[in-house]
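Engineer: Predicted model and sequence below, questions to follow.
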Amino acid sequence: MAPAPAIRRLHLPFKKPSCCRHPLDAAVQRRVGSMGGVKPDTDLSSLNLPLPMPRHYRAIWLSDVHLGTSGCQAEYLLDFLRHTDSDVLYLVGDIVDGWQLKKSWRWPQSHNDIVQKVLRKVRKGTQVVFIPGNHDEAGRQFAGLDFGGIAIRREAAHTLADGRRLLVTHGDEFDGVIQYAKWLAYLGDSLYTGILHLNRWFNRLRGRLGLPYWSLSQYLKHKVKNAVNFITDFERALADEARRRGFDGVVCGHIHKAEIRDIDGVLYCNDGDWVESLTALVETPEGALEIVHWPHLLGKPRAASPALDPDDSDSEDTPTCAS
Ligand SMILES: [Mn+2]
């Protein structure tokens, strides 16, 4: 039997650190690979795309930036941060990839620029809330404290313009509710077919040993199905938690899949990621929630031209990267 369509073609562009122990990583990478749209490295500034309006938002949610990894699309995030502003900026976890940095230190200037840009926003009056995720879990020990004007919290509550309340959390603590063999998510078609062959030999051998038939392929297929259902279960777990605690909705990240939808009367919002899908969640001045996709650079990359806003020269207070 063929495996479920969602895992037929595996595309794993984001090289994860081998120390990854997170059960969601496989699901995340599958999902990232399946996201459509313009290739993130395409510079579409010459195409005169309509600029997303408005540029000022009540709130912006960003997560899964993974600074410190080669997968981080820092130039695009920097471009987004330069062209948008908000009353509140929520950094919803996995902003810095501590797992990867522990393994090998990689901190290019563009990653530094993002940190500086956020600090600049703080100085200009944006309320910045950082909610550490599993990749920057070291930040969790500082939950409740404020550093340089950035409030570090385990989670936050955001009130929309219409009064609805949203629970803001990274979401990784909710993936423990689903059990599945995560390595199976990496199975491709050919490997799966190979397993079907293996199953035949396996059972021929079992037969010779006088053992009854046991379907290896059936077993694996069951596991794969669980993996496919995983994202759905994650979303539901988050929505259930929000409902249980009396919130009208939830904002999370973690699974790298931007989404706004209703789950049994609870608003489920995921702000996506800046590794490949390049998405943020925003609340407009009118109180509407939207997903902003930013696959193009409105400004030229830093090296190519000066910053648009004279007050926006990131290098001004950017210390030279140590290594
Ligand atoms: Mn995460």
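Structural biologist: Noted; the coordinates are in hand. Numbering: from 1, shown residues only.

Engineer: Torsion angles phi and psi at Asp262?
Structural biologist: phi -90, psi 130 (degrees, to the nearest 10).

Engineer: Excluding chain neighbours, give the residue nearest to it in space.
Structural biologist: Take Asp262 and drop its neighbours on the chain: the residue closest to it by Cβ to Cβ, 6 or more residues apart in numbering is Tyr268, 7.2 Å away. Where C-beta positions appear, they are placed from N, C-alpha and C, glycine not excepted.

Engineer: Ok, Asp162 next?
Structural biologist: Closest residue in space to Asp162, ignoring its immediate chain neighbours: Gly287 at 5.1 Å, by Cβ to Cβ, 6+ apart.

Engineer: next one: Thr84
Structural biologist: Leaving aside its chain neighbours, Thr84 sits nearest to Arg55 (5.3 Å; criterion: Cβ to Cβ, 6+ apart).

Engineer: near the ion, which residues of the stretch 1-150 of the chain show up?
Structural biologist: 94, 133-134 (Cβ under 5 Å from the ion).

Engineer: got the residues you listed as JSON lines, with distance to Asp162, neighbour count and secondary structure columns?
Structural biologist: As requested, these are exported to JSON lines (distance: Cβ to Cβ, whole Å; neighbours: other Cβ atoms under 10 Å; DSSP: H, G, I helix; E, B strand; the rest coil):
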{"residue": "Asp94", "distance to Asp162": "29", "neighbour count": "33", "secondary structure": "coil"}
{"residue": "Gly133", "distance to Asp162": "28", "neighbour count": "29", "secondary structure": "coil"}
{"residue": "Asn134", "distance to Asp162": "32", "neighbour count": "21", "secondary structure": "coil"}
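
Engineer: quick one, strands of the protein?
Structural biologist: For the chain, applying DSSP state E gives strands covering 56-62, 85-91, 127-130, 146-147, 150-152, 156-159, 165-168, 249-252, 259-263, 266-270, 279-283, 289-293.

Engineer: any idea which of the ones you listed is most buried?
Structural biologist: Of all the strands of the chain, strand 249-252 carries the top mean neighbour count, a mean of 29, counting by mean count of other Cβ atoms under 10 Å.

Engineer: Can you show me the CA trace of that one as PDB?
Structural biologist: What follows is strand 249-252 as a C-alpha-only set of coordinates in PDB (Å, rounded to 0.1, in the frame of the first residue of the first chain):
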ATOM      1  CA  GLY A 249      -7.600  31.800  21.100                       C
ATOM      2  CA  VAL A 250      -4.000  30.900  21.000                       C
ATOM      3  CA  VAL A 251      -0.900  32.200  19.200                       C
ATOM      4  CA  CYS A 252       2.000  29.800  18.900                       C
END
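
Engineer: Perfect, I'm done here.
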